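[1] Any chance you can model this:
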Amino acid sequence: QKQFVESGGGLVQPGGSLRLSCAASGFTLDDYFIAWFRHTPGKERRTVSCISRGAYTNSPDSVKGRFTISRDNTKNIVSLQMNSLKPEDTAVYYCTAQIGPLGPEYWGQGTQVTVSS
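    So this is what the prediction gives:
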């Protein structure tokens, strides 16, 4: 059975840190382009970070310097380290794995991140 399971969300105060992870089973992450999205009700889903098979990364200015995406192909896990969190980072975060041009083949189940004092 192929699964992509997220972990690591929660409640954190502004300025705090969280680390999100996605563990793949039944498929090899090394073959895939990985992206993290976030979604807040009433707003468009937005990409927060992505990493290619060659480990090239990219992220929007809104999180650049605060969020770091990484992949551990030996453990079949991808992670998103989020530092200096702000209330506007509050959202449900999703990891995705994509190999073709038609969109992600796999989605994590989503994990809630809430930044609040």
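
[2] Give the buried residues for the helix or strand containing Ser49.
    For Ser49, the host element (DSSP states H and E) is strand 46-51. Buried positions in strand 46-51, judged by neighbour count with 16 or more other Cβ atoms under 10 Å: 48-51. Every residue, glycine included, has its C-beta placed from N, CA and C.

[3] Could you do stretch 33-41 as well?
    Within stretch 33-41, the residues that qualify as buried are 33-38, counting by 16+ other Cβ under 10 Å.

[4] Among those, which lie within strands?
    Among the buried residues of stretch 33-41, the members falling in strands (DSSP state E) are 33-38.

[5] which two from these end up farthest apart in space?
    Phe33 and Arg38 (17.6 Å; Cβ to Cβ).

[6] Surely Arg45 touches Trp36?
    No. Counting by Cβ atoms under 8 Å, Arg45 stays clear of Trp36, with 10.9 Å between them.

[7] Quickly list what's touching both of these two.
    Listed as contacting both Arg45 and Trp36 by Cβ atoms under 8 Å, 6 or more residues apart in numbering are Tyr94.

[8] Surely Lys2 is in contact with Ala23?
    No. With contact defined as Cβ under 8 Å, Lys2 does not reach Ala23; the gap is 11.9 Å.

[9] out of these two, which sits in the more crowded spot?
    Taking other Cβ atoms under 10 Å, Lys2 and Ala23 do not tie; Ala23 has more neighbours (18 against 10).

[10] Now do the contacts for that one.
    Ala23 touches 4-5, 7, 75-77, counting by Cβ under 8 Å, 6+ apart.

[11] The same query, at a cut-off of 7 Å, please.
    Contact criterion Cβ atoms under 7 Å, 6 or more residues apart in numbering gives 5, 76-77 as the residues in contact with Ala23.
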